[in-house]
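Student: Got a sequence here, can you build the structure:
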Amino acid sequence: MKIALDPYMFRTTPLLELPGLVAGLGYQHIELSPREDFIPFFRHPRVDTATIRAFKGALASAGVQVSSLLPLFRWSGPDEDERQAAVRYWKRSIEIAVELGVTVMNSEFNGRPENPSISEAQFWRSMEELLPVFEREGIHLALEPHPDDFIEDGLAAVSMIHGIDSPNVSFLYCAPHTFHQGGNMAEIMRSAGDLLTHLHVADCFDHRASSGLRYITNPPGNRVRVHQHLDIGQGEVPWDTFFGTLRELEFDGIMTVCVFAWEDRARESSLNNMAEILRRTADWAHLR
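Tutor: Below is the predicted model:
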């Protein structure tokens with residue numbers, strides 16, 4: 001199993017210094033999420049070939065690998081020009097992954113929850129163009145349902161991935177989205193089975209608690225998706241169920257720490273979450 005760090009809380013650290021910082025925190029793997037100087041949110045990648053080569057050198061010097069690239073594009077949105085642009089951005093991002101020697105990418109379904117049928121049609125249109133590229137380049141894509149995407153439910157996401165029916169596409173379970181996915185963590189993980197190859201680890205509170213009044217917005221009924229990305233143990237994610245089900249399934253994929261809430265204590269947070277994961281997986285016989 002690879003334990004990776006999403007270094008979003010360190011996004012102001014210069015790219016070439018990032019591998020050394022991550023290594024100093026005890027991680028051997030980076031999940032490279034959107035950065036303005038690399039692959040920004042929803043826009044064309046910024047990194048050039050010379051920087052990619054220099055970054056590879058920095059990674060090698062630090063003894064760190066990029067476990068996965070996480071681009072986010074509007075490839076399922078209702079606007080066709082925007083969708084076509086997203087496909088172009090995806091193709092360049094795949095080229096970057098190949099240049100880096102990275103074989104795993106992960107992302108979200110995107111689209112709009114208030115218009116799921118059009119969003120799904122746009123998703124399939126994008127996949128028809130991109131899936132052959134993923135397969136040709138040997139890139140594995142892990143997809144997650146995300147709050148405010150056209151697929152938010154965990155079981156629905158697993159069903160969609162079955163429908164894609166490609167050995168290059170699998171399922172990512174994001175722990176801080178547990179309650180937006182339906183709250184049925186073990187059922188979703190077991191339903192995914194071998195398709196479960198990737199995890200995002202952070203804690204959150206159950207927004208459905210107190211008769212749906214845990215978080216109050218005005219006007220009432222706003223379609224907001226409130227959740228947090230906290231340290232393990234600071235919220236209400238059932239971690240015994242999380243790690244127990246993964247142990248049952250003999251999970252051996254990528255487990256990424258993606259805490260965003262504590263930029264003022266980013267180093268301490270990263271260290272503590274790594275220690276907690278190691279403690280909870282110490283008796284996983286299949287990892288020995």
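Student: CA only for contacts and neighbour counts going forward, please
Tutor: Fine.
Student: CA-only coordinates of stretch 33-48 in CSV, if you can.
Tutor: Output of stretch 33-48 as CSV, limited to C-alpha atoms (Å, rounded to 0.1, in the frame of the first residue of the first chain):
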residue,chain,number,x,y,z
SER,A,33,-3.4,18.0,-6.8
PRO,A,34,-4.1,21.3,-8.6
ARG,A,35,-1.4,23.9,-8.4
GLU,A,36,-1.3,27.2,-10.2
ASP,A,37,2.2,26.4,-11.6
PHE,A,38,1.5,22.8,-12.6
ILE,A,39,-2.1,21.8,-13.4
PRO,A,40,-4.5,24.5,-12.1
PHE,A,41,-8.1,24.0,-11.3
PHE,A,42,-10.3,23.9,-14.5
ARG,A,43,-7.7,25.4,-16.8
HIS,A,44,-5.0,24.2,-19.2
PRO,A,45,-1.8,22.9,-17.5
ARG,A,46,1.0,25.4,-17.0
VAL,A,47,4.0,23.2,-16.5
ASP,A,48,6.5,22.9,-19.4
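Student: ok, residue 49 - how many residues close by?
Tutor: Applying other Cα atoms under 10 Å, we find 11 residues neighbouring residue 49.
Student: Roughly how far does it sit from residue 130?
Tutor: 22 Å (Cα to Cα, to the nearest Å).
Student: Over to residue 214?
Tutor: Residue 214 is 40 Å from residue 130, by Cα to Cα.
Student: neighbour count winner among the two?
Tutor: A direct count of neighbours by other Cα under 10 Å for residue 214 and residue 130 places residue 130 higher, at 17 against 13.
Student: I figured that one hits residue 93, correct?
Tutor: No. Look at residue 130 against residue 93 with Cα atoms under 8 Å: they stay out of range, at 11.4 Å.
Student: hey, where'd the helices end up in this structure?
Tutor: Per DSSP state H, the chain carries helices over the ranges 18-24, 49-62, 80-100, 116-137, 154-164, 185-192, 209-212, 239-249, 266-280.
Student: what's the angle from the longest one to helix 154-164?
Tutor: Between the axes of helix 116-137 and helix 154-164, defined by axes from the mean of the first three to the mean of the last three Cα atoms, to 10 degrees, the angle is 50 degrees.
Student: by contact count, what packs against helix 116-137?
Tutor: helix 80-100 (3 or more Cα pairs under 8 Å, 6 or more residues apart in numbering; DSSP states H and E).
Student: List of residues touching the helix it packs on?
Tutor: 39, 42-45, 52-53, 56, 69, 71, 73-77, 103, 105, 122, 126, 129-130, 133-134, 137, 139 (Cα atoms under 8 Å, 6 or more residues apart in numbering).
Student: residue ranges with poor pLDDT in the stretch 151-288 of the chain?
Tutor: Across the stretch 151-288 of the chain, the ranges flagged by pLDDT under 70 are 288.
Student: Mind doing that once more with 90?
Tutor: When residues are selected by pLDDT under 90, those of the stretch 151-288 of the chain lie in 207-228, 285-288.
Student: Tell me the spacing between the residue of the chain positioned farthest from its centre and residue 186.
Tutor: For the chain, the residue at maximal distance from the C-alpha centroid (Cα atoms, centre = their mean) is residue 219, at 31.3 Å. Distance from residue 219 to residue 186, counting by Cα to Cα: 34 Å.
Student: and if you look at residue 135?
Tutor: When residue 135 is compared with residue 186 (using Cα to Cα), they lie 30 Å apart.
Student: what do you get for residue 84?
Tutor: Taking Cα to Cα, one finds residue 84 at 37 Å from residue 186.
Student: Ok, residue 118 next?
Tutor: To residue 186, residue 118 is 30 Å away according to Cα to Cα.
Student: Please list all residues in contact with the closest residue to residue 59 other than its chain neighbours.
Tutor: In space, and not counting its chain neighbours, residue 59 is closest to residue 19: 5.3 Å by Cα to Cα, 6 or more residues apart in numbering. Listed by Cα under 8 Å, 6+ apart, the contact partners of residue 19 are 30, 58-59, 62-64.
Student: got a list of what residue 120 touches?
Tutor: Going by Cα under 8 Å, 6+ apart, residue 120 touches 76, 111, 150.
Student: Next one: the residue nearest to the last one when sequence neighbours are not counted from residue 257, what distance?
Tutor: When you say that, I think you mean residue 150. If the residues on either side of it in the chain are set aside, residue 150 comes closest to residue 113, at 4.0 Å by Cα to Cα, 6+ apart. Using Cα to Cα, residue 113 is found at 27 Å from residue 257.
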